[in-house]
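Colleague: Here's my sequence, what's the structure:
(chains A and B)
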Protein chains: 2
Amino acid sequence: MTDFIFKQVGLIGCGLIGSSTARAIREYGLAEKIVVLEKDAVAKEVLHLGLADAAGTDAVILKECDLVIFCTPLGAYEILASQISPYLQPGTIVSDVGSVKQAAVDILQDKLPAHAHFIPGHPIAGTENSGPSAGFAELFAERWFILTPLENDDADYQQSVKKLEQFWQRTKAKVTIMTPQHHDRVLAMTSHLPHLIAYTIVDTAVNLGSDLQDEVIQYSAGGFRDFTRIAASDPTMWRDIFLTNKEAVLDGLQRFTEDLAELQKAIRWGDGEKLFEVFTRTRAVRRSIVDQRQHMAEESKKKAS
Amino acid sequence: MTDFIFKQVGLIGCGLIGSSTARAIREYGLAEKIVVLEKDAVAKEVLHLGLADAAGTDAVILKECDLVIFCTPLGAYEILASQISPYLQPGTIVSDVGSVKQAAVDILQDKLPAHAHFIPGHPIAGTENSGPSAGFAELFAERWFILTPLENDDADYQQSVKKLEQFWQRTKAKVTIMTPQHHDRVLAMTSHLPHLIAYTIVDTAVNLGSDLQDEVIQYSAGGFRDFTRIAASDPTMWRDIFLTNKEAVLDGLQRFTEDLAELQKAIRWGDGEKLFEVFTRTRAVRRSIVDQRQHMAEESKKKAS
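Modeller: Sure, this is the predicted structure:
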């Protein structure tokens, strides 16, 4: 293969996203070599699964990488940054896949050596499963990948941004660029708040007491079943998301609570017109999303042919 | 075919559930004849789709049915009950598929002739699509179907319950029996409250104003996208559900709001331990549901072989 984008990619953490990245690198021939920095047990599993050329607990493993990606929960960034920094070469691109971008910048920007090119990123992709065996090469296909580069006009840095963009595009992701703050505001609404609400309602069911709880599980219908899937997402990762995107999540939550109070009132007073009006409005949103996905699918078909 | 359960089934309303019932009746040979009572335009579509032997707007069409099923939103039950009652024969089973059972009893019990056997029911099955073309024969397969018979020890009535149970079992549904009140309490938690919350969060996104709203739709991640699907459910049906299962929904909502306030506080004060504890607890619920579904699938496989 002559069209590798990187010589050696280092993945810090190899859960769902990390192992999917490793698989995508192999599947699409994006790098010559993959190395993984992980806890001992996971590193062994990674090698057993054939996901990397080398895997281990010592950050020295990253020393020849031209791309290093943090694929751990945000809470682990700081200590890992100190560990890996001595081994990062000038011009090495350091990226991440964390769900809160301003926090990634705040934690990593000053901890990484100035000669590395730090370009935060976030794939809008995932499942409720975790661990190295949960990944698959197609995870990023036809999903958005948001890059939030630093304000840095340096030509080499901008060149690195282009290269990273190309890397993720080759996994069939649709890459877009925005500021960290804006990313966090949008994601609070599209992902963080929905997760918080799903966690809450499933916990409300748990708190019902064992009899009713068993039945709620047994007869879980469309709505609740979807929520349980969302509320099965990785606890560590989601704890870190809520701790680091606090302001935007609390703002979204405030708006949500106000809207919920309005519907509660409509139910209490039997205001069917109000309910009908809201339910009709929300139905239209689904149509927009379905239209958008069809459009994306058609575009990617056109590209392929 | 010699194993029809009914001679003639009358469906009042032929949307998602009605048309799926018609298709299941044909697919599994459950009745000799199907007739549909619907608005003129829908009746024509039903005939065009070949879903029934006869379809029309006049309740006289039901006069030879030994099973009649209300498949309309709850808000239409009362007026339809007056229209159809003159044509119901002694011993004809009248059932429904409405999502709130006590309301179905309250509306229909006194409106239907005493010589009919009224047996309310509710399939825990559905999609966000509606209309006669949205149905499919497999909709009920491996789903719960809850029957909430009246307290009536009459042997003929009990015989009718058995017959209706058998009918839905032949669509591959798993039939269970409970009281209307209990059904409504369980469903408030598993279905009604999740829908209310999904409607709310999608409406919160709509209320963000056009710029951010467009991006929320564009980058809709796992969480939000699932909510938009739920919030695209039929507005009329869901208005009627919230108006008729008011008490149980408001009770569930109260519990949910308390739990949400607790998580909000944990986020505000950076209480990661609390968040982690809740998120770990909710993850276990998913496992129970997955285990239960596997168990059901294995059981139905055993039966088939």
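
Colleague: from here on, contacts and neighbour counts on C-alpha atoms
Modeller: Fine.

Colleague: Would you map the helices across chain A?
Modeller: A:16-28, A:40-48, A:77-84, A:101-108, A:155-169, A:180-187, A:193-206, A:210-218, A:222-230, A:235-244, A:246-268, A:272-304 (DSSP state H).

Colleague: of all those helices, which gets the most neighbours per residue?
Modeller: Stretch with highest mean neighbour count among the helices of chain A: helix A:193-206 (a mean of 26; mean count of other CA atoms under 10 Å in any protein chain shown).

Colleague: Residues touching that helix, excluding its own?
Modeller: For helix A:193-206, contacts defined as CA atoms under 8 Å, 6 or more residues apart in numbering or on different chains pick out A:213, A:216, A:224, A:227-228, A:230-231, A:249, A:252-253, B:189, B:194, B:201, B:223-224, B:227, B:255-256, B:259-260, B:263, B:278-279, B:281-282, B:285.

Colleague: how about 6 Å then?
Modeller: A:213, A:227, A:231, B:223-224, B:256, B:260, B:282 (CA atoms under 6 Å, 6 or more residues apart in numbering or on different chains).

Colleague: angle of it against helix A:222-230?
Modeller: 110 degrees (axes from the mean of the first three to the mean of the last three CA atoms, to 10 degrees).

Colleague: about what we covered before: and the contacts of helix A:193-206, which two are furthest apart?
Modeller: A:Gln213 and B:Phe224 (25.3 Å; CA to CA).

Colleague: Could you dump the contacts of helix A:193-206 into TSV with distance to B:Pro86 added?
Modeller: What follows is the contacts of helix A:193-206, written out as TSV (distance: CA to CA, whole Å):
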residue	distance to B:Pro86
A:Gln213	43
A:Phe227	45
A:Ala231	50
B:Gly223	49
B:Phe224	48
B:Phe256	45
B:Leu260	51
B:Thr282	51
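
Colleague: Tell me the one of those residues nearest A:Phe136?
Modeller: B:Gly223 (19.9 Å).

Colleague: Distance check, the closest one against chain A.
Modeller: 5 Å (CA to the nearest CA, to the nearest Å).

Colleague: residue contacts, that residue?
Modeller: Counting by CA under 6 Å, 6+ apart, B:Gly223 has contacts A:191, A:194-195.

Colleague: what does A:Asp53 give?
Modeller: Counted by CA under 6 Å, 6+ apart, A:Asp53 has contacts A:34-35.

Colleague: please redo it, this time with the cut-off set to 7 Å
Modeller: Each residue near A:Asp53 by CA atoms under 7 Å, 6 or more residues apart in numbering or on different chains is listed here: A:33-35.

Colleague: And for A:Ala232?
Modeller: A:Ala232 neighbours (CA under 7 Å, 6+ apart): A:128, B:282-283, B:286.

Colleague: Find me the pLDDT at it, would you?
Modeller: pLDDT recorded at A:Ala232 is 90.

Colleague: Check A:Gly223 too.
Modeller: On the pLDDT scale, A:Gly223 gets 77.

Colleague: The lowest-mean-pLDDT helix or strand in chain A and chain B, any residue contact?
Modeller: In chain A, no helix or strand scores lower on mean pLDDT, DSSP states H and E than helix A:210-218, which sits at a mean of 78. Yes: contact of helix A:210-218 with chain B (CA under 7 Å from any CA of the partner chain) involves A:215-217.

Colleague: tell me the mean pLDDT over stretch A:12-30?
Modeller: 97.

Colleague: If you could redo that for stretch A:287-303, that was the one I meant.
Modeller: 75.

Colleague: Over to stretch A:35-54?
Modeller: Rounded mean pLDDT across stretch A:35-54 is 98.

Colleague: Any chance you could give me that stretch in PDB, C-alpha atoms only?
Modeller: What follows is stretch A:35-54, C-alpha atoms only, in PDB (Å, rounded to 0.1, in the frame of the first residue of the first chain):
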ATOM      1  CA  VAL A  35       0.500   0.900  18.600                       C
ATOM      2  CA  VAL A  36      -1.800   1.000  21.700                       C
ATOM      3  CA  LEU A  37      -1.100   2.400  25.200                       C
ATOM      4  CA  GLU A  38      -3.500   0.600  27.600                       C
ATOM      5  CA  LYS A  39      -3.700  -1.100  31.000                       C
ATOM      6  CA  ASP A  40      -2.000  -4.500  31.000                       C
ATOM      7  CA  ALA A  41      -5.100  -6.700  30.800                       C
ATOM      8  CA  VAL A  42      -6.600  -4.600  27.900                       C
ATOM      9  CA  ALA A  43      -3.200  -4.400  26.100                       C
ATOM     10  CA  LYS A  44      -3.100  -8.200  26.100                       C
ATOM     11  CA  GLU A  45      -6.700  -8.400  24.800                       C
ATOM     12  CA  VAL A  46      -5.800  -5.900  22.100                       C
ATOM     13  CA  LEU A  47      -2.900  -8.000  20.900                       C
ATOM     14  CA  HIS A  48      -5.000 -11.200  21.200                       C
ATOM     15  CA  LEU A  49      -7.600  -9.500  19.000                       C
ATOM     16  CA  GLY A  50      -4.900  -8.500  16.500                       C
ATOM     17  CA  LEU A  51      -5.900  -4.800  16.700                       C
ATOM     18  CA  ALA A  52      -2.300  -3.400  17.000                       C
ATOM     19  CA  ASP A  53       1.300  -4.200  16.100                       C
ATOM     20  CA  ALA A  54       2.300  -3.400  19.700                       C
END
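
Colleague: before we move on, back to that, tabulate the contacts of B:Gly223 (CSV), appending pLDDT.
Modeller: Putting the contacts of B:Gly223 into CSV (pLDDT from 0 to 100) gives the following:
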residue, pLDDT
A:Ser191, 91
A:Pro194, 93
A:His195, 94
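
Colleague: ok, those vs B:Gly121, which is closest?
Modeller: Within the contacts of B:Gly223, the smallest distance to B:Gly121 is 31.8 Å, found for A:Pro194 (CA to CA).

Colleague: Could you report the distance from A:Ile230 to B:Ile230?
Modeller: Separation of A:Ile230 from B:Ile230 (CA to CA, to the nearest Å): 13 Å.
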